[in-house]
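A.B. asks: Sequence and predicted structure, then a few things I'm wondering about:
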Amino acid sequence: MADFDGFAQGPININQIANFRLTEYGKKILNDHNEAVRAEGRFLADYEASRTEMDGTHSMQLWQLMRIFGPACVGCKPAFENCVITITR
């Protein structure tokens, strides 16, 4: 095994919580998703896909992050600040 590079390595579960910060492009993707879900029914009027902390960090389960942002991750515009997603163990 290679020397430890400062990042944990090992198996992850798609139900684990992912923490991330969004670029303006990422905020647009998340807002568009939230609006589309809210439009599906009146009981979803206050739906938010992610929890947002005071410092601007978002968190949600990894599978949900992949479902919302996956299609946008192909190309040149990054949705995440510094292209970083932190998985909570």
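C.D. replies: Sure, I can see it.

A.B. asks: could you pull out the helices for this structure?
C.D. replies: Listed in chain order, the helices of the chain (DSSP state H) span 24-38, 62-69.

A.B. asks: Just name the most buried of those helices.
C.D. replies: With neighbours defined as mean count of other Cβ atoms under 10 Å, those peak in mean count at helix 62-69, which reaches a mean of 17. All C-beta atoms are positioned from the backbone trio N, CA, C, and that covers glycine.

A.B. asks: Find the least confident helix or strand in the chain, judged by mean pLDDT.
C.D. replies: Here the helix or strand of the chain ranked lowest by mean pLDDT, DSSP states H and E is strand 51-52, holding a mean of 85.

A.B. asks: residues contacting the closest residue in space to Ile29 that isn't next to it in sequence?
C.D. replies: Excluding its sequence neighbours, the residue lying closest to Ile29 (Cβ to Cβ, 6 or more residues apart in numbering) is Ala72, at 5.2 Å. Neighbouring residues of Ala72 by Cβ atoms under 8 Å, 6 or more residues apart in numbering: 25-26, 29, 79.
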